[in-house]
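Visitor: Kindly generate the corresponding structure for this input.
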Amino acid sequence: MSAVIDHHHADHAHGPAKGLMRWVLTTNHKDIGSMYLWFSFAMFLLGGSMAMVIRAELFQPGLQLVQPEFFNQMTTTHGLIMVFGAVMPAFVGLANWMIPLMIGAPDMALPRMNNFSFWLLPAAFGLLLSTLFMEGGGPNFGWTFYAPLSTTYAPPSVTFFIFAIHLAGISSIMGAINIIATVLNLRAPGMTLMKMPLFVWTWLITAFLLIAVMPVLAGAVTMMLMDIHFGTSFFNAAGGGDPVMFQHIFWFFGHPEVYIMILPAFGAVSMIIPAFSRKPLFGYTSMVYATGAIAFLSFAVWAHHMFTVGIPLTGELFFMYATMLIAVPTGVKVFNWVSTMFRGSLTFEAPMLFSVAFVILFTIGGFSGLMLAMAPADFQYHDTYFVVAHFHYVLVPGAIFGIFASAYYWLPKWTGFMYDEVLAKTHFWMSFVGMNLAFFPMHFVGLAGMPRRIPDYNMMFANFNMVSSVGAFMFGATQLLFLYIVIKCIRGGPKAAANPWEGAEGLEWTVPSPAPYHTFTTPPEVK
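Guide: Below you'll find the predicted structure:
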């Protein structure tokens, strides 16, 4: 260990260039985790600024700020950046930082590949953003980039968009291989699979999902590339191709993808809620199996995004029932989180506030998802703002609140200092109010028939859209406070205790921890 410390000191001794090269060439999982987290936050602010353009345009009816073409580029790029640039890298950053520490590994199993998989991302998103400055503008066909809209009628920049998606996908696959190799090979003696923290379990399962579905996405964008440049007709009906096939391929990737974005948050929340309830997680084993069940079922539901394309009735029934089935393991999780809190010695610091909000609001998103799973009802909901409300209730309080909870929970560990609790609670409440103001009214305008992805709308939707825009700007502005809190914590503050949450708000740890749950027994062959 001293050699590593000396090495780092030596790096800084040779001036700023040497200090910079430490970050460029680093194979240290903590450095790489930090770079992922900073990169994802930059992307979060960028994708958020695009959402602000969308909400500013929709503040009132009529075309105010931007042309419809640019509006479409904003909706597309906002979605792509939030999914591939903000949420996924943030969870990979948390994995890099915490998984080796949680399983007692010296580092990730493949440190050089770890470095490479990070540095692909700035290249990928630099490329994606550069399309906005090209002739004809950037991608304008929605984050789902349905063909033939994205092949026959797309701007010339679509080729660069395809390359950017390939790079991001390669990065994800390498990150997933690294996590699987680390978790399966580098656990400390006595750290059996069923003793691993839940965050490690959810990431192990997520990594298998990534390896399974990223090549499917790569196949879809490769076929797009062929259609655009090499005269093939995969998705062009005039040449014997099938536009609906694109949707099947895309959603076979896209549905497991949404679980890739939420499972690590399940894991983090499953560690945070027990800590602030002062008792072990209720139903650890069932949580592991529920996570596996969700991952397995996520491959059987893709066509619930396609009820309106004319699939056979048998297909509609299958996808409807399979989708409803996912509610079972998800319900097990929610039950376990609530049971963990039940009769616990609860305190509500920022990580717990975000986690409790996660459970409540994610469940609301789950219920609107069940509504969308009903094929006959989906004919009405499809392509309305109700769908936008649904997936933002899953992704904002789900993925993003999960990331915030994790950041506050582990910041003392990362920095050695406590963050400002009053500011953090302010960040929570403003995010909570802003997020609900922004996305709850979308349920109403969607049920009333307001379509998605439009820059202008009927006067009847004006009031709710105004509320949505105010809430969105409140939520967006609040994230600058989060940036301030993190920087303030990194620069110093009250020293963090060995376990900063043990005596949270003056409450002593009242429930004795069961010994087998927390301590590792060394197996006889190691002694």
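Visitor: I'd like to check which residues are in contact with the residue nearest to Tyr419 when sequence neighbours are not counted.
Guide: Nearest residue to Tyr419, sequence neighbours excluded (C-beta to C-beta, 6 or more residues apart in numbering): Cys489, at 4.0 Å. The way it works is simple: take the backbone N, C-alpha and C, and place the C-beta from them, glycine included. For Cys489, the contacting residues are 411, 415, 417-420, by C-beta atoms under 8 Å, 6 or more residues apart in numbering.
Visitor: please redo it, this time with the cut-off set to 10 Å
Guide: 407-408, 411-412, 414-420, 423-424, 496 (C-beta atoms under 10 Å, 6 or more residues apart in numbering).
Visitor: try Thr415
Guide: Going by C-beta under 10 Å, 6+ apart, Thr415 touches 486, 489-493, 496.
Visitor: Any chance of a ChimeraX selection covering the buried ones in those?
Guide: Remark: buried members of the contacts of Thr415, expressed as a ChimeraX selection using 16 or more other C-beta atoms under 10 Å:
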select :486,489,493,496
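Visitor: Out of the contacts of Thr415, name the ones that lie in helices.
Guide: 486, 489-491 (DSSP state H).
Visitor: Between the residues you listed, which sits nearest Lys30?
Guide: Closest approach between these and Lys30, by C-beta to C-beta: Ile490, at 13.3 Å.
Visitor: Would you check that that closest one makes contact with Trp414?
Guide: Yes: here Ile490 reaches Trp414: they are 8.3 Å apart, a contact under C-beta atoms under 10 Å.
Visitor: where do the contact lists of the two overlap?
Guide: Counting by C-beta under 10 Å, 6+ apart, the common neighbours of Ile490 and Trp414 are Ser34.
Visitor: ok, which stretches of the stretch 401-527 of the chain are strands?
Guide: When assigned using DSSP state E, counting those that start in this stretch, the stretch 401-527 of the chain turns out to have no strands.
Visitor: Show me the helices in it, by range?
Guide: Applying DSSP state H, counting those that start in this stretch to the stretch 401-527 of the chain gives helices spanning 401-415, 421-447, 462-491, 515-518.
Visitor: ok, now the stretch 51-200 of the chain?
Guide: Using DSSP H, counting those that start in this stretch, helices in the stretch 51-200 of the chain cover 68-80, 88-103, 111-130, 158-185, 198-229.
Visitor: got the contact list for Ala377?
Guide: By C-beta under 10 Å, 6+ apart, the residues touching Ala377 are 307, 320, 370-371, 386.
Visitor: change it to 8 Å
Guide: With C-beta under 8 Å, 6+ apart, Ala377 has these contacts: Met371.
Visitor: Buried residues, the helix or strand hosting it. List them.
Guide: Using DSSP states H and E, the element containing Ala377 is helix 375-381. For helix 375-381, a neighbour-count test (16+ other C-beta under 10 Å) marks 375, 378, 381 as buried.
Visitor: Name the surrounding residues that touch the helix or strand encompassing Val388.
Guide: Assigned by DSSP H and E, Val388 belongs to helix 385-394. Contacts with helix 385-394, where a contact means C-beta under 8 Å, 6+ apart, come from 258, 262, 361-362, 364-366, 368-369, 371-372, 381, 438-440, 442-443, 445-447, 450-452.
Visitor: Narrow those residues to those that are buried.
Guide: Taking 16+ other C-beta under 10 Å as the criterion, what is buried in the contacts of helix 385-394 is 258, 262, 361-362, 364-366, 368-369, 372, 381, 438-440, 442-443, 445-446, 450.
Visitor: ok so, going back, most packed of the helices of the stretch 51-200 of the chain?
Guide: When you average the neighbours per residue for each of those (mean count of other C-beta atoms under 10 Å), helix 88-103 leads with a mean of 25.
Visitor: That helix vs helix 198-229, what angle?
Guide: Counting by axes from the mean of the first three to the mean of the last three C-alpha atoms, to 10 degrees, helix 88-103 points 150 degrees away from the direction of helix 198-229.
Visitor: other SSEs contacting helix 88-103?
Guide: Here helix 88-103 touches helix 29-57, helix 158-185, helix 198-229, helix 243-277, helix 401-415, going by 3 or more C-beta pairs under 8 Å, 6 or more residues apart in numbering; DSSP states H and E.
Visitor: Now Thr240: phi and psi?
Guide: Heads up, residue 240 is Gly, not Thr. phi 90, psi 10 (degrees, to the nearest 10).
Visitor: Run a quick neighbour tally on the closest residue to it other than its chain neighbours.
Guide: Spatially, and ignoring its direct neighbours in sequence, Gly240 is nearest to Ser233 (5.7 Å; C-beta to C-beta, 6+ apart). Ser233 has 16 neighbours, counted by other C-beta atoms under 10 Å.
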